[in-house]
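Novice: give me coordinates for this.
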Amino acid sequence: MKTMRETSAIDGQPFYPGDDAPGAAAPDGIVGESPALRRVLRLVETVATTDAAILIRGETGTGKELIAGLIHRLSARRGAPFVKFNCTAIPAGLLDSELFGHERGAFTGAIARRIGRFELAHNGTLLLDEIGDLPLELQPKLLRVLEAQEFERIGSMHTIRSDVRVIAATNRPLEELVEAGEFRADLYYRLNVFPIDLPPLRERAEDIPLLVRHFVMQHARKLGRRIDSISADVIETLVRHPWPGNIRELQHVLHRAVILSDGGRLQLPPLEAPVKMTRTPAPHAETFDGAVREHIVEVLRHTNGVVAGPRGAAVRLGLKRTTLLSRMQKLGITSADVVPAPLGFPVASSTRSIAV
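Specialist: Next up, the predicted model:
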């Protein structure tokens with residue numbers, strides 16, 4: 001089989017892992033050259049240097065944690081901790097303690113002081129994965145930390161200042177959760193300052209041959225196997241599969257394939273019937289400028305056209321007022337584009353202008 005090129009899509013520079021570097025991983029762990037992936041990475045490069053809150057949306061297995069880590073490494077906070085927290089991995093009764101910490105004796109079983117995730121991530125980045133599963137009763141406290149940048153450990157009266165950049169990730173449609181009363185609207189808007197939608201693997205099928213080579217070499221190295229060839233039929237089968245579990249599912253299938261392979265040729269196990277997964281609608285603009293324009297207009301709608309001030313669009317986007325105004329002018333954004341987001345009640349027409 002011809003050598004397949006692996007690429008770090010963040011800078012477009014190819015590299016060719018060979019026998020002298022078995023299992024070499026693409027820089028930042030991201031492999032692919034598809035337009036869909038490049039669009040995501042352009043958005044990452046745009047927002048990483050700001051302190052804007054980011055909401056990463058995508059199906060399970062699309063690489064949300066990888067993208068969050070890349071944002072941290074490209075930001076000015078890269079020298080500080082990158083702390084990951086999965087909102088579904090901890091029992092609901094312990095989430096408060098895990099996020100904000102507790103003092104010794106704060107509750108039964110609290111035999112020592114515990115430092116929470118927000119404190120651990122000070123000056124760095126905190127990834128709140130599966131944010132759609134955060135219990136409703138804990139959401140007001142998270143909102144307060146995001147707005148005031150301060151909190152108290154459980155059992156303490158001492159207020160701790162928090163300088164943390166929050167990235168939230170979800171595979172659930174938060175808009176529907178808000179409408180159902182399962183997620184606070186104010187927290188949703190605070191987290192959704194800059195949304196990034198990750199494409200499912202079926203929408204970037206041209207990346208599958210690159211991912212196959214990457215994962216096969218990775219698993220072969222760990223297992224002490226040597227895979228010399230991957231047939232065109234195997235590649236075609238993998239490209240045609242719908243991959244409801246996305247990259248994670250592909251990685252696990254290739255792990256099994258390397259284990260089963262003998263004689264240096266990759267032997268693909270039977271692929272399981274697709275399991276229906278939750279999909280996150282992700283409408284895209286046709287161009288990068290179009291995507292940026294849509295996002296700025298969306299934020300302006302949420303602020304009723306207000307650009308400056310503590311609740312204005314500039315603060316939500318992590319930009320200076322003058323910088324935002326310059327981008328609006330460049331992208332042709334006028335007051336006619338800014339219509340308030342649906343609020344369920346009439347809004348006076350006077351609020352539809354852009355206030356600077």
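Novice: so what sits opposite Ile196 in the bridge?
Specialist: Ile56 (DSSP bridges).
Novice: so how far is His255 from it?
Specialist: Using Cβ to Cβ, to the nearest Å, Ile196 is found at 28 Å from His255. To be clear about C-beta, it is placed using only N, CA and C from the backbone, and glycine gets the same treatment.
Novice: of these two, who's got more company?
Specialist: Ranked by neighbour count (other Cβ atoms under 10 Å), Ile196 and His255 place Ile196 first, with 25 against 16.
Novice: so the more buried one touches Ala53, yeah?
Specialist: No: with contact defined as Cβ atoms under 8 Å, Ile196 does not reach Ala53; the gap is 11.4 Å.
Novice: shaky segments in the stretch 201-350 of the chain?
Specialist: 273-291, 317-318, 339-350 (pLDDT under 70).
Novice: which residue ranges of it form helices?
Specialist: Shown for the stretch 201-350 of the chain, the helices assigned by DSSP state H, counting those that start in this stretch span residues 208-223, 232-240, 246-260, 288-302, 313-317, 321-330.
Novice: can you redo these as TSV with distance to Ile30?
Specialist: Formatted as TSV, the helices of the stretch 201-350 of the chain follow (distance: least, Cβ to Cβ, whole Å):
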stretch	distance to Ile30
helix 208-223	10
helix 232-240	19
helix 246-260	10
helix 288-302	18
helix 313-317	25
helix 321-330	27
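Novice: Tyr188: which of the ones you listed is closest?
Specialist: Evaluated over the helices of the stretch 201-350 of the chain, closeness to Tyr188 peaks at helix 288-302, with 9.9 Å, by Cβ to Cβ.
Novice: and the closest one, how far out from the chain middle?
Specialist: 18 Å (Cα atoms, centre = their mean, to the nearest Å).
Novice: what angle separates it from helix 321-330?
Specialist: 120 degrees (axes from the mean of the first three to the mean of the last three Cα atoms, to 10 degrees).
Novice: list the helices and strands helix 288-302 packs on?
Specialist: helix 35-48, helix 313-317, helix 321-330 (3 or more Cβ pairs under 8 Å, 6 or more residues apart in numbering; DSSP states H and E).
Novice: quick one: mean pLDDT over the longest one.
Specialist: In this model, helix 35-48 has a mean pLDDT of 94.
Novice: you'd agree Val253 is up against Pro269?
Specialist: Yes: Val253 lies in contact with Pro269 (Cβ under 8 Å); the separation is 7.0 Å.
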